[in-house]
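Trainee: this one's sequence-less:
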């Protein structure tokens, strides 16, 4: 079995996939943290797919010197790995809430399989993408199209990925993305892909399930801790 082959399962465990629309960052962070703290060994894994209101987030390794000119966009220090990144409308943010021990993967393999799901999603629109050793995320040529920033607590993952689809890329110029000065960023729309996030979310969920051997189970497009917002 190659490193990127999906993990075989005698029975495909369920993955609740929630399409949550556009959500404020802080409330979502609190909700996924509470989900992780309160889950039990029997709690089904979930994948949350959503957009955020404009925000810069600064990971645990983040340095404020990489936030160059935030302007009116808030900067929120958070408990994920990684440096500074931007979230905003037109970007798919995915939060895989996975019991890693039950899934049989470690953190390094978790990262690789999320990256592969993104690479395979891009391939649906004939976009050739790749990972880079030592720099988590997915790249098209010299430009980054998806960033990763994860946290594992009690053996379970939260936080996740940010995938540029059809957004205003200008705010990335206000930071050193992921701590790299001058790092170019790109998005699927500029590479010939669709402008509708829902179309891309569907493919991404399928590829994520394929990588981890899950069976997708549609779930309510809301959770109690989050306000009801407009759908993607």
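Mentor: Cool, the structure landed. Bear in mind that the values here come from a model prediction, so they are computed numbers and not experimental data.
Trainee: Residue 205: which element?
Mentor: helix 197-212 (DSSP states H and E).
Trainee: For the helix or strand of the chain with the lowest mean pLDDT, name the packing helices and strands.
Mentor: For the chain, using mean pLDDT, DSSP states H and E, the weakest element among its helices and strands is strand 75-77, scoring a mean of 90. Judged by 3 or more CB pairs under 8 Å, 6 or more residues apart in numbering; DSSP states H and E, the packing partners of strand 75-77 are helix 25-38, strand 55-58. Any C-beta I mention is one placed from the backbone N, CA and C, and that applies to glycine too.
Trainee: With residue 217 as the reference, name the closest of these.
Mentor: Among the helices and strands packed on strand 75-77, the nearest to residue 217 by CB to CB is helix 25-38 (15.9 Å).
Trainee: Give the buried residues for that closest one.
Mentor: Within helix 25-38, the residues that count as buried by 16 or more other CB atoms under 10 Å are 25, 28, 29, 31, 32, 33, 35, 36.
Trainee: okay, the nearest residue to residue 76 once chain neighbours are set aside: pLDDT?
Mentor: Excluding its sequence neighbours, the residue lying closest to residue 76 (CB to CB, 6 or more residues apart in numbering) is residue 57, at 5.3 Å. On pLDDT, residue 57 comes in at 91.
Trainee: Near residue 57, how many other residues are there?
Mentor: Applying other CB atoms under 10 Å, we find 23 other residues in the vicinity of residue 57.
Trainee: Could you do residue 104 as well?
Mentor: 13.
Trainee: Torsion angles phi and psi at it?
Mentor: phi 80, psi 30 (degrees, to the nearest 10).
Trainee: Which neighbouring elements make contact with the one helix or strand residue 161 maps to?
Mentor: Assigned by DSSP H and E, residue 161 belongs to strand 156-164. Packing partners of strand 156-164 (3+ CB pairs under 8 Å, 6+ apart): helix 25-38, strand 91-97, helix 107-123, strand 143-153.
Trainee: where does the protein have low pLDDT?
Mentor: For the chain, the stretches with pLDDT under 70 are 1-10, 62-63, 224, 227-232.
Trainee: Across the sheet, point out what pairs with the most centrally placed residue in it.
Mentor: By CA atoms, centre = their mean, the chain has its centre lying nearest to residue 161, at 1.7 Å. Note on residue 161: beta-bridge partners by DSSP bridges are residue 94, residue 148.
Trainee: In a markdown table: the helices and strands packed on strand 75-77, plus distance to residue 185.
Mentor: Listed next are the helices and strands packed on strand 75-77 as a markdown table, based on distance: least, CB to CB, whole Å:
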| stretch | distance to residue 185 |
| --- | --- |
| helix 25-38 | 19 |
| strand 55-58 | 14 |
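Trainee: Enumerate every residue touching the residue nearest to residue 76.
Mentor: 25, 75, 76, 77, 78, 80, 84, 85, 87, 149 (CB atoms under 8 Å, 6 or more residues apart in numbering).
Trainee: Fine, thanks again, bye for now.
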